[in-house]
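Colleague: What shape does this take:
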Amino acid sequence: MDYRAKNVLLMAFFAAQLWVVRYHDNWSVLLAYLGGTLLVVALSVLVREVFGRPALVLPPGARVGSTVIGAPPPRYPSVSLIPAHVGEARAFGFSADGRLLAVGGGNAVVLWDVNDPANPLRTATLTWPTGVIVVSAAFNPHAPLLATGTTDQNATLWRVDDPSAPTRIAILRLPRHRRCDTGGAMDFSPDGRLLATADRAADLWDVTDPQRPVRTASVPLLRRWQADACRAAAFSGDGRLLATAGRAAVTLWDVADPAHPRRVTTLRPQGRGAPGHAIVTMSAVDFSPDGRLLATAGVTRIESVNEWAAYSSSSSAVALWDIADPAHPTLIVTLAERDSSQAERGQRGSDTTVIGHSRTVRAVQFSPDAPLLATAGDDGVLLWDITDPAAPHPTAQFTQAKPVPAVAFSPDGRLLAIGSQDHTAALWTTSPPSG
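Modeller: Okay, the predicted model is just below:
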């Protein structure tokens, strides 16, 4: 039953109550009607909670149209809980040897020695003025260098030869008109020579000499008039491609010549032609280690107005793309949010939609050593087996008390760092639970 019919029935029901009071002058009947109304509402809420928003995944093998239902994953044990951060734990970075973990959020980045994952040790804390929020962190894969991004739209380079005493060596300043309230993202190229920073545009920086970084190129992501959160950027495993997420699309750039990035193609994971006024926001991108797959995450918000009311709805989805030929990417499968309109109508270029999360997805990352993909959102983290990219299935579920905005694999793939809006972070093992 649609919302119009429900509204009509509800109005008729209350009209009947008023008629009883007006012509029968029987308040006991009115109270009985009111009690019945409350009972109906309570039962409706209960039915919706039980049947409308079921568990994270349904029994395996079920199919609804073109939608494949994944298998219920086991819950893995956590290795350790990292003491409460100063703010929402929204940025992670592992050092190349996996010994250091940078946790960013609030106005600080805390460095942890996780050589013994069960007993992480705080080595240093980097702070900014109150009101400045850390939104990204990344370690250089070939040098003791940490890059951090903040909402004042400055990227900072830190030398971490001595993890207990990091040294600020450079600040990458961006034009004022480029600044975004939510900061940006960053990623080092696999050879460690380039740093990509993303806000309203994506900049490439030559950090061969980290004390004197040089901007080599800049490509736009958002237009000046677009008020939107800043997006993401990621390098492919061979360093030739850079993926940038703009407002409604993901663009692949050939950066073999860092001074002259060349647009290869533009992907629109959420499709076109959504009903009403649709606002698509891409939130995350990542390449598989072999460079053949690309994962994108985005949210579509639809706002509509009719003669009855104004309403809005949103749905999120993760899309897996085959980019063996970057100029002609193919959408393989969509990992959709439960109750998502995306799941009902399918995705352009793909006939398979897999139901995974029950709430918004915010981050994605591939494991560096196994065919696994981690997707993080408001209902926790799912670990997907993508041995067959066309038929991914969840193999693990990691839960947090609050929404998860960030997730990161250790370089050996054995640990998964998960951040939460409740200021906590946790290290989880990616090995199946014993027993």
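Colleague: quick one: contacts for Val86?
Modeller: Val86 makes contacts with Gly105, Gly106, Asn107, Ala108, Val110, His423, as judged by CB atoms under 8 Å, 6 or more residues apart in numbering. Heads up, the C-betas are built off the backbone N, CA and C, glycines and all.
Colleague: one more time with 7 Å, if that's ok
Modeller: For Val86, the contacting residues are Gly105, Gly106, Asn107, Ala108, taking CB atoms under 7 Å, 6 or more residues apart in numbering as the criterion.
Colleague: which residue sits closest to the first one, ignoring its sequence neighbours?
Modeller: The reference is to Gly105. If you skip the residues right next to it in sequence, Gly105 has Gly87 as its closest partner in space, 4.2 Å away by CB to CB, 6 or more residues apart in numbering.
Colleague: Please report how far the one you found lies from Leu81.
Modeller: 17 Å (CB to CB, to the nearest Å).
Colleague: Give me the more crowded residue out of these two.
Modeller: Neighbours per residue (other CB atoms under 10 Å) separate Gly87 from Leu81, with Gly87 holding more: 15 against 11.
Colleague: List the contacts of the more buried one.
Modeller: Remark: with contacts taken as CB under 7 Å, 6+ apart, Gly87 is in contact with Gly105, Gly106, Asn107, Ile133, His423.
Colleague: for Ala256, same thing?
Modeller: Per CB under 7 Å, 6+ apart, neighbours of Ala256: Arg240.
Colleague: does it belong to a helix or a strand, and which?
Modeller: When elements are assigned from DSSP states H and E, Ala256 belongs to no helix and no strand.
Colleague: So what does it look like in phi/psi?
Modeller: In this entry, Ala256 is assigned phi and psi values of phi -60, psi -40 (degrees, to the nearest 10).
Colleague: Neighbours of Pro129, how many?
Modeller: Pro129: 8 surrounding residues under other CB under 10 Å.
Colleague: quick check, it in a helix?
Modeller: No: residue state for Pro129 (DSSP: H, G, I helix; E, B strand; the rest coil) corresponds to coil; a helix is not indicated.
Colleague: what's the pLDDT at the nearest residue to it once chain neighbours are set aside?
Modeller: In space, not counting the residues next to it along the chain, Pro129 is nearest to Asn107; the distance is 6.8 Å by CB to CB, 6+ apart. If you check Asn107, the pLDDT there is 91.
Colleague: Next: the one 10 residues further on.
Modeller: The predicted local distance difference test score for Pro117 is 88.
Colleague: cool, and the one 3 residues further on?
Modeller: As summarised for this prediction, Pro120 has a pLDDT of 91.
Colleague: That one contacts Trp112, correct?
Modeller: Yes: in this structure Pro120 lies within contact range of Trp112 using CB atoms under 7 Å: 4.4 Å.
Colleague: Look up the closest residue to Gln211, ignoring the ones flanking it.
Modeller: Residue nearest to Gln211 in three dimensions, not counting chain neighbours: Ile169, with 5.1 Å by CB to CB, 6+ apart.
Colleague: Sorry, wrong one. I was asking about Ala284.
Modeller: Distances taken as CB to CB, 6+ apart place Ala297 nearest to Ala284, at 4.2 Å, with adjacent residues excluded.
Colleague: for the stretch 201-350 of the chain, what spans make up the helices?
Modeller: In the stretch 201-350 of the chain, helices defined by DSSP state H, counting those that start in this stretch lie at 341-345, listed in chain order.
Colleague: For it, which residues score under the pLDDT cut-off?
Modeller: For the stretch 201-350 of the chain, the stretches flagged by pLDDT under 70 are 221-231, 269-280, 301-315, 337-350.
Colleague: can you give me the strands in it?
Modeller: Per DSSP state E, counting those that start in this stretch, the stretch 201-350 of the chain carries strands over the ranges 201-206, 214-220, 233-235, 241-245, 250-254, 262-267, 277-287, 293-305, 310-322, 330-336.
Colleague: which residues are in contact with the second one?
Modeller: Read that as strand 214-220. Contact partners of strand 214-220, identified using CB under 7 Å, 6+ apart, comprise Ala201, Ala202, Asp203, Leu204, Trp205, Asp206, Thr244, Trp253, Pro258, Ala259, His260, Pro261.
Colleague: repeat that with 10 Å
Modeller: Strand 214-220 is contacted from outside by 172, 174-175, 178, 194-198, 200-208, 233, 242, 244, 246, 251, 253, 255, 257-263, using CB atoms under 10 Å, 6 or more residues apart in numbering.
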